[in-house]
Each structure stands twice: as C-alpha cells, then as structure tokens.
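Q: just a sequence and a predicted model for now, questions to come.
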Amino acid sequence: MREREGASGSCPCSRCGNLESPEASLERLRTGRFGYRAFKRTFDIGFSLAVMILFPWVFLVIAFAIKLDDPTGPVIFKQVRVGRDGREFVCYKFRSMHVDAESRIEELMACNEKDAPVFKMRRDPRVTRVGRALRKASLDELPQFWNVLKGDMSVVGPRPALPRELPGYPARALLRFGIRPGITCYWQTRRNRDSITFDEWMDLDLLYLQKAGIWTDIKLIVQTVGCVLTFQGE
C-alpha cells in the first residue's frame, strides 16, 4: 500500500516536541498504562450514562424534529463502521440525510471536496434541513453514546471509518485502528476541519496516540462542547 507523505511521519501540529513514535505509543496503550485504560473505560460509561440520563429531552426533541421534517425515514441511522483491530460494528447516528442518501453517493463522487478515500461535501444535497442544523451543532452524533456503553467506541478517539474507505488508507495510518474509535478527536475540534486534508487528519489521529491521557481527553471534551455551543460542525 502506498505511503502518503502526510501520514508517514510529518505532523501538522507544531507542539509535538519530542514525543515517542505512534507505534511505541500504541504498544504502551495496548499492553501497559493500566490505570489510564481503567479510568478511560470507567469515564466512558459514566459520562455516557450522564448524557443519556440528564438530557433525554434533547434526544426527544431531535427525534420529533427529524420526523416532522422528513416523516418517510427512521429517526436513527444505522451504518457499519470499522472499529478497534478492524472489527466492524453498527454505528448509530440521528438521521441527517434523505433515505436514498447511500444510493446517491456514486453520482456525487465527482463533487467530493476531500481527497480520497473520504467523501465530504459542504453543500451535500442529500442532507435534510433538520440534518443540516444537527450537523452544524454535531448533535447527530449523540446516539453514539450507546455505542460507547456497548464498548464499540470511546468518548475520545479517532473517528470510526467506513469499510469502503480502508483500501485508501496509507499503511501507517492503520495504527489508528489499534484503539477504540471515538465520538470526538483532534480533527473534530478543529475550527478549519472542513479544509483539513485526509493526510493531515490521519496525522492528528496519530498525534492522539502519542498524547493520549486523562488531561488530553478532558481537554478534547471541553473543546468539543465549545464547538457544539458555537455551531462549528460540518
């Protein structure tokens, strides 16, 4: 598999300093750092339960708005994603697109604004009116707290990939699949994330492997809340 320049060692973050390699960081995350791993899973469960218990009205309001805007489809969109060690799982999101969205992706591929293998459009015609608002506030991701409770995902970690995207991943970027995918990450909190290239995105995921820790996770969660409140989503 061809190594892209952006995912082969160069990092877009000027604050990397003398961090150990992503490979070494991943090995320590998987075989050591028991305290952090125990904290992370405990925090994932506690935080997800808190969101679902304290804000059920948000879930209900969003569900009502989706049905009111487009009553023909389901409230929850289910999609197969790739998680830790390449295991596939069903990822849940509030539906933000019309029901025929998946069947239209080929006809829109020429309009892709991201470099391969990811598909992104700023004005995607498949997105509903309510869906556009949900994406702007990143509220379409809320059902993924159920994925966190199930153990498919973590609150913080690289975003889960689509199976069709994997052949386009450079070899070193596959390190990101060594940990659970997350609801939020470095890329998710960037103000300019729509203009970040795929290689830069992968470098940010590798940076998370290098800097993963309690304070990094807390900082990213706080930044994510800020992005939600200021509508800095897609």
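A: Looks like it came in fine.
Q: low-confidence stretches in this protein?
A: Residue ranges of the chain with pLDDT under 70: 1-18, 234.
Q: now do the helices in it.
A: 22-31, 34-54, 56-69, 105-108, 129-136, 144-150, 198-211, 214-229 (DSSP state H).
Q: and among these, the most buried is which?
A: Comparing these by mean neighbour count (mean count of other Cβ atoms under 10 Å), helix 198-211 ranks first with a mean of 22. Heads up, the C-betas are built off the backbone N, CA and C, glycines and all.
Q: what is it packed up against?
A: Applying 3 or more Cβ pairs under 8 Å, 6 or more residues apart in numbering; DSSP states H and E, we find helix 198-211 packed against helix 22-31.
Q: what packs against the helix it packs on?
A: Contact partners of helix 22-31 among helices and strands, from 3+ Cβ pairs under 8 Å, 6+ apart: helix 198-211.
Q: quick one: residues contacting Ser25.
A: Contact partners of Ser25, counting by Cβ atoms under 8 Å, 6 or more residues apart in numbering, are 19, 209-210, 212.
Q: please apply the same query to Asp217.
A: By Cβ under 8 Å, 6+ apart, Asp217 lies in contact with 40, 43, 155-156.
Q: hmm, try it at 10 Å
A: Listed by Cβ atoms under 10 Å, 6 or more residues apart in numbering, the contact set of Asp217 reads 36, 39-40, 43-44, 47, 154-157, 182, 184, 208, 211.
Q: residue closest to the middle of the protein?
A: Per Cα atoms, centre = their mean, the C-alpha nearest to the average position across the chain is that of Arg159, at 2.7 Å.
Q: hang on, that residue packs against Phe177?
A: No - judged on Cβ atoms under 10 Å, Arg159 makes no contact with Phe177 at a distance of 11.3 Å.
Q: any idea how far stretch 188-203 is from the chain center?
A: Centre-to-centre, stretch 188-203 and its host chain are 12 Å apart (Cα atoms, centre = their mean, to the nearest Å).
Q: pull that stretch out as CSV, backbone CA atoms only.
A: The C-alpha trace of stretch 188-203 is given here as CSV (Å, rounded to 0.1, in the frame of the first residue of the first chain):
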residue,chain,number,x,y,z
GLN,A,188,-13.4,17.0,15.4
THR,A,189,-12.4,20.0,17.4
ARG,A,190,-10.6,21.9,14.7
ARG,A,191,-12.3,25.1,13.5
ASN,A,192,-11.0,24.5,10.0
ARG,A,193,-11.7,20.8,9.8
ASP,A,194,-13.5,21.1,6.5
SER,A,195,-10.3,22.3,4.9
ILE,A,196,-8.0,19.8,6.6
THR,A,197,-6.7,17.2,4.1
PHE,A,198,-7.0,13.5,4.7
ASP,A,199,-3.3,13.2,5.4
GLU,A,200,-3.5,15.9,8.0
TRP,A,201,-6.5,14.2,9.6
MET,A,202,-4.6,11.0,9.8
ASP,A,203,-1.6,12.8,11.4
